[in-house]
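Visitor: just the structure for this:
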Amino acid sequence: MIEPALALIEFSSIATGIKAADAMVKRAPIDVIKSGTVQPGKYLVLIGGEVADVEEALQEGRAVGSTCLLDYVLLPQVHPEVVESIVGGRVPNPNDALGVIETTTVAASIHAADAGIKGAEVRLVEVRLADGLGGKGIVLFSGLVADVEAAVDIGIGVLESPELLVRQVVIPQLHPEMWGNVSDATRFRSRVVDQL
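Guide: Residues are numbered from 1 along each chain as shown. Next comes the predicted model:
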């Protein structure tokens, strides 16, 4: 799903989200569209393709779903690690520091991840979206402390409003056992089921 452009729209209504997604694919030729429900009763529409087509489809989705629009992001020339993380890819190797950005919306997490990885020498450990998070998003960066600090600062710097940020932390020299936890999976259930 590596595309020149990626956009995501987050709706508070499932019905409106389905209607907007339909309008988006009817408006412009999209190479990739993935949509569905996430907690707590939100509807996400993720699209990828040529920049002009994605921009046009995004504009249509925002217009059709305007009354239920929670957040959106448009990333022309999205970083490949962001796409890989969204579809479940992970960076398993521990590095010096871990940076975490926790946001109130999925779109904000994707935006922060793309900005942080483009602006600093870091790797994306994970971009986790909504499910099991009460609709929030988290981004995990790894790298040297100064680079992780820079990525976190850049990531939170692109957020449109302070309300989108729940919390950010940088943990220098994360303990090896914690690396084992976060580099494998941040979802508690998967950690416990695998171990018991």
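Visitor: surely residue 120 meets residue 144?
Guide: No - with contacts counted by Cβ atoms under 8 Å, residue 120 stays clear of residue 144, the gap being 9.4 Å. For the C-beta atoms, the positions are set from N, CA and C on the backbone; glycine is no exception.
Visitor: more neighbours: which of these two?
Guide: residue 120 (21 against 15; other Cβ atoms under 10 Å).
Visitor: for that one, report the pLDDT, please.
Guide: pLDDT recorded at residue 120 is 96.
Visitor: now do residue 60
Guide: So, for residue 60, pLDDT stands at 98.
Visitor: surely it meets residue 30?
Guide: No - with contact defined as Cβ under 8 Å, residue 60 does not reach residue 30; the gap is 10.6 Å.
Visitor: pull up the overlap in contacts between those two.
Guide: residue 24 (Cβ atoms under 8 Å, 6 or more residues apart in numbering).
Visitor: which one's more surrounded, those two?
Guide: residue 30 (22 against 19).
Visitor: from residue 85, how far off is the more buried one?
Guide: 21 Å (Cβ to Cβ, to the nearest Å).
Visitor: same check on residue 48?
Guide: 14 Å.
Visitor: tell me how far the helix or strand hosting residue 107 lies from the chain's centre.
Guide: Using DSSP states H and E, the element containing residue 107 is helix 106-119. Counting by Cα atoms, centre = their mean, to the nearest Å, helix 106-119 is centred 7 Å from the centre of its parent chain.
Visitor: what's the spacing between residue 109 and residue 140?
Guide: Where residue 140 is concerned, residue 109 sits at a distance of 10 Å (Cβ to Cβ).
Visitor: list the contacts for residue 122?
Guide: Counted by Cβ under 8 Å, 6+ apart, residue 122 has contacts 99, 116, 141-143, 147-148, 150-151.
Visitor: repeat that with 7 Å
Guide: By Cβ atoms under 7 Å, 6 or more residues apart in numbering, the contact list for residue 122 reads 116, 141-143, 147-148, 151.
Visitor: inside helices: which ones of the residues you listed?
Guide: Of those, the ones assigned to helices by DSSP state H are 116, 147-148, 151.
Visitor: excluding chain neighbours, what is closest to the residue nearest the centre of the chain?
Guide: For the chain, the residue sitting closest to the mean C-alpha position, by Cα atoms, centre = their mean, is residue 110 at 2.8 Å. Once flanking residues are discounted, residue 110 sits nearest to residue 73: 5.2 Å by Cβ to Cβ, 6 or more residues apart in numbering.
Visitor: this protein: helices as residue ranges?
Guide: Using DSSP H, helices in the chain cover 14-27, 51-64, 80-86, 106-119, 145-157, 176-184, 188-195.
Visitor: that concludes my questions; thank you for your assistance.
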